[in-house]
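J.: Quick one, structure for this:
(chains A and B)
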Amino acid sequence: MQIRIIKLEVSYQDFQLRVENLQFWPKQVSVIIGPNGAGKSTLLRSLAGLIRLSPGSVFIDGRDLSTVKGSERAALVSYVPQEQTAALNFRVFDFILMGRSGYLSIFSAPSRTDYQKTEEVIAYLGLEALASRKCHELSSGERRIVLIARALTQDSSLILLDEPTTFLDLKHEMEIINLLKKLATDRGKTIITSLHSLDLVPRVADFLVMIKNGRVLAAGQTESVFRSDLLASLFDYPVRVVEAEGQQLLLR
Amino acid sequence: MIGSIRKGPNRRLLIVGTVFLPLLLLVLSLSFGTYAISLKEVLKIILAKVAGLKPDLLSSPEANIVLNIRLPRLILALLAGAAFSVSGASLQSLFRNPLVNEYILGVSFGAGFGAAASLVLLSRTFPPQLLAFACGLLAVVLVLLISEGARNTMFAVLLTGIIVSALFQALLSAIEFVASPYALQSLFFWLLGSFSQATWSDLLWSAPLIIAGLGFLLNLGWRLNALSLSDDEARSLGLAVKRERILIICLTTLITSAVVAIAGIIGWVGLIVPHAVRGLVGSDNRLVLPLSAGFGASLMLLADSLIRIFSPYEFPVGILTNLVGIPFFLYLIKKSRASWS
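T.: Residues are numbered from 1 along each chain as shown, chains lettered A, B, ... in the order given. You can find the predicted model right below:
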């Protein structure tokens, strides 16, 4: 599971994302950081195939993503949006089960296998207590976990997440971060996520990508990229990375 | 604990709500009316027709009333209720908008205009369902194109729907203006929405279209669950969102315009029934769609029976549904402002 971006260009009215060459490594957690509006979400949505791509710009496992359609793409990559926006108030179990939709033809309903997969995921994440509740009753931390659960039933080896910890309290933030690490190490998932809180980066990121104004400012192993000078120029603000009790901390 | 969850939709509830309840009401309704026919008599006539027992019974005036006047009318009521409710439930999921239904999207008046134009301008033997479907589809496409890109899509769709409906109402008036006085009278009653003029030959075209469309839609329950998510989510789950959305809009337009072509404009059923069903069983469309079909059919059978029992002048059912539906719609708008803004 190799993910490669070659000469990717995405333009909106007054915004352009351009990535010359970027590679993500399998079974790792890669983190994308950058100021608001830098293009993090656009990059993630390109990788998810949610944006019309020009041929030969994104390759997943050697396959040109622009040629991979619908259900096949769903089996390759799943996408966890920032917020759960379901208009209808589904039961959590059914919501997670929806991760299987790509495997079903348009006129069919989930089968036994789909139910089994969903139960496995619920057991793995310890969500049994939530399963029979309604989505609209959940706290925002629970909603994020449920979204991740749905991505897991999709059974893709690449999982993309758009700022999965924003607006969460400390405990839920750490739960999500630890889960992402666990998914990469235990389950061999390739994780690419954008993150808002920088102090989490050294705790979770194997690989770090910095994006500013639609361009990649720096990308590399976290130890080599998570540096005072790069961070300062990324955010146009003097920050310092210091070490305390064996951890890298950010001073602002 | 998971054991009870893992079972899909509750089958017993489904069978009772979608099959037994409407069938029971259908048989009961056959005995109601200005000319009372006992339930026993009704059952005898049905048995005679279906099983071929006592064929001489079929030549009685009672048999004529039951089989040729009441039965087509009630089958139309049943199909209309099911079609409006299923299309309402489907569209509400598809648009993620609790206020949407075929009436709001302009389909009713579009189809009404198409059917009227077909009856007045083309031959009476030409099936009006065709033009009804074409104009119903035109109306919904217009609404979607005009409201596209608006910031508050929910209210943009509502507003455009009103305007497009007004356009087709104006076109309808133009048709009424050129229609002969004789045609005008039947046009007038048909437009108010009524099952009273239904004949077997009307159903010949509409019933297969409605049943086929319903058949497809009822099998799309699970898909509609996923389609009710945001576009990004649905697409990342592997759905061909655009194509599937077009398919569902075509199917709902087909069944509702097939009803409108022979029963006229009966609004709001598709708003009331799915809401009641969702309140009862939750949001899973695998349950909501079939139960909406069953409850919608039952509701229309009930409404038609009440009209036949209490009103000697064949009060149009379309007026009744407006009188109930509009206050309910206002209540929903009021309520939704909190949760849908």
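J.: For the stretch 1-150 of chain A, just list every one of the helices.
T.: Along the stretch 1-150 of chain A, the stretches classed as helices by DSSP state H, counting those that start in this stretch are A:40-47, A:70-76, A:92-97, A:112-125, A:140-153.
J.: out of those, which comes closest to chain B?
T.: The closest approach between chain B and any of the helices of the stretch 1-150 of chain A, judged by CB to the nearest CB, belongs to helix A:70-76 at 2.9 Å. The C-beta positions use only the backbone N, C-alpha and C, and glycine is treated the same way.
J.: So which bits of that closest one are buried?
T.: If you call a residue buried by 16 or more other CB atoms under 10 Å in any protein chain shown, then helix A:70-76 has these buried ones: A:70, A:71, A:73, A:74, A:75, A:76.
J.: hmm, back to that, export the helices of the stretch 1-150 of chain A to a markdown table and append columns for mean pLDDT.
T.: Formatted as a markdown table, these follow (pLDDT from 0 to 100):
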| stretch | mean pLDDT |
| --- | --- |
| helix A:40-47 | 96 |
| helix A:70-76 | 92 |
| helix A:92-97 | 96 |
| helix A:112-125 | 96 |
| helix A:140-153 | 95 |
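J.: So for residue B:83, which of those sits nearest?
T.: With respect to residue B:83, and counting by CB to CB, the nearest of those is helix A:92-97 at 25.9 Å.
J.: hmm, who's touching the closest one?
T.: Contacts to helix A:92-97, defined as CB atoms under 8 Å, 6 or more residues apart in numbering or on different chains, come from residues A:86, A:110, A:114-115, A:118, A:121-122, A:127, A:130-135, A:138, A:146, A:149-150, A:153, B:5-6, B:225, B:284.
J.: Buried among those residues? Need that as a selection in ChimeraX.
T.: Only the buried entries of those go into this ChimeraX selection, using 16+ other CB under 10 Å:
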select /A:86,110,114,115,118,121,122,127,130,131,134,135,138,146,149,150,153 /B:5,6,225,284
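J.: For chain A, what's the nearest residue on the stretch 201-341 of chain B?
T.: Residue nearest to chain A within the stretch 201-341 of chain B: residue B:238 (2.5 Å; CB to the nearest CB).
J.: Same question for that residue, what's its three-state structure.
T.: Look at residue B:238: counting by DSSP: H, G, I helix; E, B strand; the rest coil, its state is coil.
J.: re the thing from before, in JSON lines, list the helices of the stretch 1-150 of chain A along with distance to residue B:148.
T.: Output for these, formatted as JSON lines (distance: least, CB to CB, whole Å):
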{"stretch": "helix A:40-47", "distance to residue B:148": "20"}
{"stretch": "helix A:70-76", "distance to residue B:148": "23"}
{"stretch": "helix A:92-97", "distance to residue B:148": "28"}
{"stretch": "helix A:112-125", "distance to residue B:148": "34"}
{"stretch": "helix A:140-153", "distance to residue B:148": "28"}
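J.: Have a look at chain A and report its longest helix.
T.: helix A:170-187 (DSSP state H).
J.: Now do the buried residues in that one.
T.: Going by neighbour count (16+ other CB under 10 Å), the buried part of helix A:170-187 is A:172, A:173, A:175, A:176, A:177, A:179, A:180, A:181, A:183, A:184.
J.: And the closest residue in space to the second one that isn't next to it in sequence, what's its pLDDT?
T.: What it means is residue A:173. Take residue A:173 and drop its neighbours on the chain: the residue closest to it by CB to CB, 6 or more residues apart in numbering or on different chains is residue A:165, 4.5 Å away. We have a pLDDT of 93 for residue A:165.
J.: contacting residues for residue A:165?
T.: For residue A:165, the contacting residues are A:144, A:172, A:173, A:176, A:177, A:195, A:196, A:197, A:200, by CB under 8 Å, 6+ apart.
J.: Got the phi and psi for the nearest residue to residue A:177 once chain neighbours are set aside?
T.: The shortest distance from residue A:177 to any non-neighbouring residue, by CB to CB, 6+ apart, is to residue A:204 (4.9 Å). Phi and psi for residue A:204, reported as degrees, to the nearest 10, are phi -120, psi -30.
J.: Could I get the contacting residues of residue A:204?
T.: A:29, A:31, A:177, A:180, A:181, A:195.
J.: May I have the beta-bridge partners of the first one?
T.: The one in question is residue A:29. Beta-bridge partners of residue A:29, counted by DSSP bridges, are residue A:191.
J.: How many residues are close by it?
T.: By the measure other CB atoms under 10 Å in any protein chain shown, the count of residues near residue A:29 is 27.
J.: For it, give its distance to residue A:203.
T.: In this view, residue A:29 and residue A:203 are 10 Å apart by CB to CB, to the nearest Å.
J.: and if you look at the last one?
T.: Residue A:195 sits at a distance of 10 Å from residue A:203 (criterion: CB to CB).
J.: neighbour count winner among those two?
T.: residue A:195 (26 against 15).
J.: Who are the contact partners of the more buried one?
T.: Neighbouring residues of residue A:195 by CB under 8 Å, 6+ apart: A:31, A:32, A:33, A:163, A:164, A:165, A:201, A:204, A:205.
J.: between those, which is closest to residue B:64?
T.: Of the contacts of residue A:195, the one sitting nearest to residue B:64 (CB to CB) turns out to be residue A:164, at 69.3 Å.
J.: What segments of the stretch 151-300 of chain B are helices?
T.: Using DSSP H, counting those that start in this stretch, helices in the stretch 151-300 of chain B cover B:153-178, B:181-191, B:200-218, B:221-227, B:231-236, B:241-263, B:269-281, B:285-310.
J.: can you list contacts of the second one?
T.: The one in question is helix B:181-191. For helix B:181-191, using CB under 8 Å, 6+ apart, the contacting residues are B:112, B:116, B:119-120, B:172, B:175-176, B:179, B:196-197, B:263-265, B:316, B:318.
J.: Pick out the lowest-pLDDT one from these.
T.: Among the contacts of helix B:181-191, residue B:197 has the weakest pLDDT, 83.
J.: Could you dump the buried residues of helix A:170-187 into a markdown table with distance to residue A:105 and pLDDT added?
T.: Shown next, in a markdown table, are those (distance: CB to CB, whole Å; pLDDT from 0 to 100):
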| residue | distance to residue A:105 | pLDDT |
| --- | --- | --- |
| A:172 | 37 | 93 |
| A:173 | 39 | 94 |
| A:175 | 36 | 94 |
| A:176 | 33 | 95 |
| A:177 | 37 | 96 |
| A:179 | 32 | 97 |
| A:180 | 32 | 97 |
| A:181 | 36 | 97 |
| A:183 | 29 | 97 |
| A:184 | 32 | 97 |
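J.: Including distance to residue B:131, could these go into CSV?
T.: Compiled in CSV, the buried residues of helix A:170-187 are given as follows (distance: CB to CB, whole Å):
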residue, distance to residue B:131
A:172, 57
A:173, 60
A:175, 59
A:176, 56
A:177, 61
A:179, 57
A:180, 57
A:181, 62
A:183, 56
A:184, 60
